[in-house]
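**Student:** kindly return the folded structure for what I paste below:
(chains A and B)
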2 protein chains.
Amino acid sequence: MNGIKALVFDVFGTVVDWRSGIVRAGEELGARNGLDADWADFADRWRGRYVPSMNRVRTGESGWKNLDTLHRESLEELLAEFGLESLSEAEKGWFTKAWHRLDAWPDSVDGLRLLRREHIIAPLSNGNVALLTSMAKRAGLPWDLILSAELVRHYKPDPETYLLMPTLFDLAPEEVMMVAAHPSDLTEAAGHGLRTAYVHRPLEFGPDMEVRWPDGDFDVEVESIIRLADALK
Amino acid sequence: MNGIKALVFDVFGTVVDWRSGIVRAGEELGARNGLDADWADFADRWRGRYVPSMNRVRTGESGWKNLDTLHRESLEELLAEFGLESLSEAEKGWFTKAWHRLDAWPDSVDGLRLLRREHIIAPLSNGNVALLTSMAKRAGLPWDLILSAELVRHYKPDPETYLLMPTLFDLAPEEVMMVAAHPSDLTEAAGHGLRTAYVHRPLEFGPDMEVRWPDGDFDVEVESIIRLADALK
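**Tutor:** This next block holds a predicted model:
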């Protein structure tokens, strides 16, 4: 693993715990407005609309929309499904921005700090620039810079996203490592020549959903970002 | 000055001392290669080619080239003028990257740390993303994100640059403050609705060049980034 100059990170699920954050925001929203719902189910169904909503942009069915906009559109649909349309505009805005207020997994900040000493580190997320910046400020994620699908107006797994770090930093693809909890993201990155690190996040989808380790498909397979820093030493 | 949510900074001259850094690199290069030159003159003439080289891109005379590329092209011309063409390829690359290794003015890091507590802070520089990132890592500049002319492939003062922060963060232009040591940069930013802060850098062009204070043309006029943080409290 010598020769890695930069690492780019998937964020939702890999660096931050989106599910707990969205459930917590739903519970707060419900308490404040006297609304009752299964917020874990709400969170899963909101996340379930993520890939289909981006695919409408990727296929050209829709023009460019950033992730805040897609989250908001999905929220409107879900509120209708859950019979919660009575929410005020301000509350809908607040709930959409819950995706900016997600907590880091317990190892993320320390692991990123270690990696940052010897490498350039950046998110490479479908989250928009403002979302990733707010999240980093709140959660203390010590990125060197914010890279986002929004900067190339292409969502992962479009090639433009994986090539962003090599292009901007004049690096060979194999000098850049993609870090993700999702094998499909890593397989796509490897297809463009990037090195790959899988981080196991067994609780991403809640305690009832089993997450299996991949079978040695990637350059590094670890249980935390701190372990990744150890592996790259 | 209430209502400022984000600040964007000119970098060369405003946050870092380009002249001393380039002179120092020239002296090191000279000592290593047994070359003699007036490195202060060299630095001034290198910087003198900055605006004309960007204008060739801005007018369309040249396609997009990032600042590392423009710096390298200007360096080749200058080495010929100074009779220093014998430099190796490796030394030319090292000298070009001296623009990544500039020191912050003494108040910059502390001032940015103070501003960062309550605001989003980013460079808004004609420097390319890799240059600004390397510089920030080396000098400890605590940016929330890196904004660069390279991301919109337009150099300042093209409007796309000043509108980058308002667009990405869904802010009104008057919620964004441009910070610069150069009145022309601030006047252009004000023309697009941004607030303006002038930071006086009397030594930017060396001890023999007087830099005059503007006469109350800008929203804030201060002698350091720490004073700017005080003014925005």
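**Student:** give me the low-pLDDT residue ranges for chain A?
**Tutor:** Scanning chain A for pLDDT under 70 picks out nothing.
**Student:** in chain A, what residue spans correspond to helices?
**Tutor:** For chain A, applying DSSP state H gives helices covering A:18-33, A:39-48, A:50-58, A:67-81, A:89-96, A:108-118, A:129-139, A:149-152, A:159-162, A:164-169, A:183-191, A:225-231.
**Student:** which parts of chain A sit against chain B?
**Tutor:** Residues of chain A lying near chain B by CB under 8 Å from any CB of the partner chain: A:68, A:120, A:128-130, A:132-133, A:136-137, A:143-146, A:150-151, A:168-170. Every C-beta, even on glycine, is put in place using the N, C-alpha and C of the backbone.
**Student:** if you set the cut-off to 10 Å instead, what comes out?
**Tutor:** A:6, A:66, A:68-69, A:116-117, A:119-120, A:122, A:128-130, A:132-134, A:136-137, A:142-148, A:150-152, A:164-165, A:167-171 (CB under 10 Å from any CB of the partner chain).
**Student:** per-domain residue ranges of chain A.
**Tutor:** A:6-17+A:102-231, A:18-100 (automatic domain parsing).
**Student:** what's the span of the shortest one, first residue to last?
**Tutor:** Looking back up the chat, that one is domain A:18-100. 10 Å (CA to CA, to the nearest Å).
**Student:** do the first one as well
**Tutor:** Between the start and the finish of domain A:6-17+A:102-231 there is a gap of 14 Å, counting by CA to CA.
**Student:** number of nearby residues for the nearest residue to A:Asp10 once chain neighbours are set aside?
**Tutor:** Nearest in space to A:Asp10, with sequence neighbours left out and distances taken as CB to CB, 6 or more residues apart in numbering or on different chains, is A:Ala180 at 3.7 Å. Residues near A:Ala180, counting by other CB atoms under 10 Å in any protein chain shown, number 28.
**Student:** how about A:Ala229?
**Tutor:** With other CB under 10 Å as criterion, A:Ala229 counts 22.
**Student:** quick one: residues contacting the closest residue to it other than its chain neighbours.
**Tutor:** When the adjacent residues along the chain are set aside, A:Ala229 lies closest to A:Leu114, with 3.7 Å between them (CB to CB, 6+ apart). Listed by CB atoms under 10 Å, 6 or more residues apart in numbering or on different chains, the contact partners of A:Leu114 are A:Ile121, A:Ile225, A:Ile226, A:Leu228, A:Ala229, A:Asp230, A:Leu232, A:Lys233.
**Student:** kindly report the same for A:Phe169.
**Tutor:** A:Phe169 neighbours (CB under 10 Å, 6+ apart): A:Lys5, A:Ala6, A:Ile120, A:Ala122, A:Leu145, A:Glu175, A:Val176, B:Asn128, B:Val129, B:Ala130, B:Thr133, B:Ser134.
**Student:** residues in contact with the closest residue to the first one other than its chain neighbours?
**Tutor:** To tie it back to what came earlier, the one meant is A:Lys5. Leaving aside its chain neighbours, A:Lys5 sits nearest to A:Glu175 (4.5 Å; criterion: CB to CB, 6+ apart). By CB under 10 Å, 6+ apart, the residues touching A:Glu175 are A:Gly3, A:Ile4, A:Lys5, A:Ala6, A:His119, A:Met165, A:Pro166, A:Phe169, A:Gly193, A:Leu194, A:Arg195.
**Student:** the fifth one: neighbouring residues, count only.
**Tutor:** Which is A:His119. Neighbours of A:His119 (other CB under 10 Å): 20.
**Student:** the first one too?
**Tutor:** A count of neighbours around A:Gly3, defined by other CB under 10 Å, yields 10.
**Student:** coming back round to it: compare the domains of chain A and give me the one nearest B:Leu87.
**Tutor:** domain A:6-17+A:102-231 (20.3 Å; CB to CB).
**Student:** distance of A:Asp158 relative to chain B?
**Tutor:** From A:Asp158 over to chain B the distance is 17 Å, taken as CB to the nearest CB, to the nearest Å.
**Student:** cool, and A:Trp64?
**Tutor:** Taken as CB to the nearest CB, the span from A:Trp64 to chain B is 12 Å.
**Student:** now that residue: closest residue in space that isn't a chain neighbour?
**Tutor:** A:Arg153 is the one closest to A:Trp64 (CB to CB, 6+ apart), at 4.8 Å.
**Student:** with A:Pro159 instead?
**Tutor:** A:His192 (5.9 Å).
**Student:** contact partners for that neighbour?
**Tutor:** A:Pro157, A:Pro159, A:Glu160, A:Thr161, A:Tyr162, A:Leu163, A:Pro166, A:Pro173, A:Val176, A:Met178.
**Student:** most neighbours among these, which one?
**Tutor:** That'd be A:Met178 among those, by other CB under 10 Å, with 29 neighbours.
**Student:** can you pull up the bridge partners for it?
**Tutor:** A:Met178 has these beta-bridge partners by DSSP bridges: A:Val8, A:Thr196.
**Student:** now, which of the contacts of A:Phe169 sits nearest B:Ala98?
**Tutor:** Nearest member of the contacts of A:Phe169 to B:Ala98, counting by CB to CB, is B:Ser134, at 11.1 Å.
**Student:** wait, isn't A:Cys185 in contact with A:Tyr155?
**Tutor:** Rather than Cys, residue A:185 is Asp. No. Here A:Asp185 does not reach A:Tyr155: they are 11.5 Å apart, not a contact under CB atoms under 10 Å.
**Student:** separation between the residue nearest to A:Phe42 when sequence neighbours are not counted and chain B?
**Tutor:** Distances taken as CB to CB, 6+ apart place A:Gly26 nearest to A:Phe42, at 5.4 Å, with adjacent residues excluded. Noted for A:Gly26: a distance of 23 Å to chain B, by CB to the nearest CB.
**Student:** A:Gly26 and A:Arg45 touch, don't they?
**Tutor:** No. At 11.2 Å, A:Gly26 does not count as touching A:Arg45 under the criterion of CB under 10 Å.
**Student:** coming back round to it: in a markdown table: the contacts of A:Phe169, plus distance to B:Pro202.
**Tutor:** Shown next, in a markdown table, are the contacts of A:Phe169 (distance: CB to CB, whole Å):
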| residue | distance to B:Pro202 |
| --- | --- |
| A:Lys5 | 38 |
| A:Ala6 | 38 |
| A:Ile120 | 34 |
| A:Ala122 | 36 |
| A:Leu145 | 31 |
| A:Glu175 | 41 |
| A:Val176 | 42 |
| B:Asn128 | 28 |
| B:Val129 | 30 |
| B:Ala130 | 30 |
| B:Thr133 | 28 |
| B:Ser134 | 27 |
